[in-house]
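J.: requesting a structural model of the entry that follows:
(one chain, ligands or ions: 1)
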Amino acid sequence: MTHNLVVNYGLYKRMDVFRPRLVSPTAMTRFHSDDYINFLKVISPDNMGDYTRQLQRFNVGEDCPVFDGLYEFCMLYTSGSIGGAARLNDNGADIVINWAGGLHHAKKAEASGFCYINDCVLAILELLKKHERVLYIDIDIHHGDGVEEAFYSTNRVMTVSFHKFGEYFPGTGDVLDIGYADGKNYAINFPLNDGMNDETYHSVFKPVISKVMEHFCPGAVVLQCGADSLSGDRLGCFNLSVKGHAECVSFVRSFNIPMLVLGGGGYTLRNVPRCWTYETAVVLNEQNVIKDDLPYNDYYEYFGPDYSLHLPVSNMENLNSTDYLNRTKGQLLDILKQIEPVPSVQIQTGGVESQLNPRPIAMEIDEIGKDEGGNGSADADKRSDERTDGRKEHAAEMAS
Ligand SMILES: [Zn+2]
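T.: Presented below is the predicted three-dimensional model:
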């Protein structure tokens, strides 16, 4: 639906649309376990009876259902994120969007919260081939637990998550969870209560992200834009407008760091494409041009009765007091101050123990161009797509 709206607004004309090379199972095992990936490859609704034990072990079947084409689905969204990261590494783009990605809950050997493969983690691993430090920011209403866990003990990846906390899935993301060993102070969690509105969200998001940029100085950013933090979401309980949500994208963009923009949750179906289409416009700096009246599109009837891009927020109570927000913000800024600021021109002044010398991390990071995961070599697009002019426009886009 998002893609169709992006196409019908004409936004695709202002960007390059690429079809990434499909990743191999091996590329997914850079993070996930071999047996979990093998299981995802073979499981289908027809043979579930033969895999009772593994379904349980890998947490597949209930919240994370088996459906026809499950592995293909995983491969497609993961290819978009890894391929997008590879394109950033190649300087083929300054911002890459994959609205199909952002499945932040998946664990090494376990599906969780509708997420099977953690494309965020795999994309970050791809970016680490080139960049010393990668920043992950998560504005989904749920805690970005899978990504945090993957990088909990490294100082090469900082994870920053703003989420509803307290009797809410997945239950993690306390302000006191700050990382471990080398990763201590490199996991940042802002736990929130119901009813966050645009103004209060920005009052914490902007100062925290500014301080993160100042002290961590990432070479690349992955921004997970789960749309379940919007007002009126079926599972969410925040009160953000599309513009308020997108202001976070705009703010991160303003730092001019190579950025991979991913989707994520979002359970009031019609609002998800609204949000991500507007955010596509923000990425393109077209937010003042894009009209509130929706263009005719394949899903037009979903957007009634107003057929507009933006949505009204509700009058729900904001259970986050100014005092609570300021206190928590202060706690996080104090954590960030403990990180040695990275000079804008990298000078190796630090000793062996300095945080300026990032330690290796316990996952496989291949050299650029050697793996099967990304678009490492110059002709990567040719391998993924019969067109050879570099610029990819799907037939469907031209027809719309
Ligand atoms: Zn979510």
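
J.: who are the contact partners of the closest residue to the ion within the chain?
T.: Across the chain, no residue is closer to the ion than G265, which sits at 2.6 Å (CB to the ion). Using the backbone N, CA and C atoms, a C-beta is placed for each residue, glycine as well. Residues counted as contacts of G265 (CB atoms under 8 Å, 6 or more residues apart in numbering) are G102, F114, D140, I141, H142, G226, A227, D228, L235, G236.

J.: excluding chain neighbours, what is closest to G171?
T.: H143 (7.9 Å; CB to CB, 6 or more residues apart in numbering).

J.: and that neighbour, which of the three is it?
T.: Under DSSP: H, G, I helix; E, B strand; the rest coil, H143 falls in the coil class.

J.: state the distance from it to E126.
T.: In this view, H143 and E126 are 23 Å apart by CB to CB, to the nearest Å.

J.: so the two - more neighbours on which side?
T.: E126 (34 against 29; other CB atoms under 10 Å).

J.: so G144 makes contact with Y152?
T.: No: using CB atoms under 8 Å, G144 is not in contact with Y152; the gap is 11.7 Å.

J.: which one of the two is surrounded by more residues?
T.: G144 (32 against 19).

J.: spit out the contact partners of that one.
T.: By CB under 8 Å, 6+ apart, the residues touching G144 are H104, H105, C120, Y136, D138, T159, S161, H163, G173, Q224.

J.: can you put those residues in CSV and add distance to the ion?
T.: Below are the contacts of G144 laid out as CSV (distance: CB to the ion, whole Å):
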residue, distance to the ion
H104, 8
H105, 8
C120, 12
Y136, 15
D138, 9
T159, 15
S161, 11
H163, 8
G173, 12
Q224, 9
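
J.: next step: those restricted to helices.
T.: C120 (DSSP state H).

J.: strands - which of the contacts of G144 land there?
T.: Y136, D138, T159, S161, H163, Q224 (DSSP state E).

J.: got a quick ChimeraX command for the buried subset of those residues?
T.: Buried subset of the ones in strands among the contacts of G144, written as a ChimeraX selection, criterion 16 or more other CB atoms under 10 Å:
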select :136,138,159,161,163,224
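
J.: need the max-distance pair from the ones in strands among the contacts of G144.
T.: Y136 and H163 (13.2 Å; CB to CB).

J.: number of residues surrounding D140?
T.: Neighbour count of D140, defined by other CB under 10 Å: 26.

J.: right, I mislabeled it, should have said K184
T.: When neighbours are defined as other CB under 10 Å, K184 has 16 of them.

J.: once you drop chain neighbours, what's closest to it?
T.: I178 (6.2 Å).
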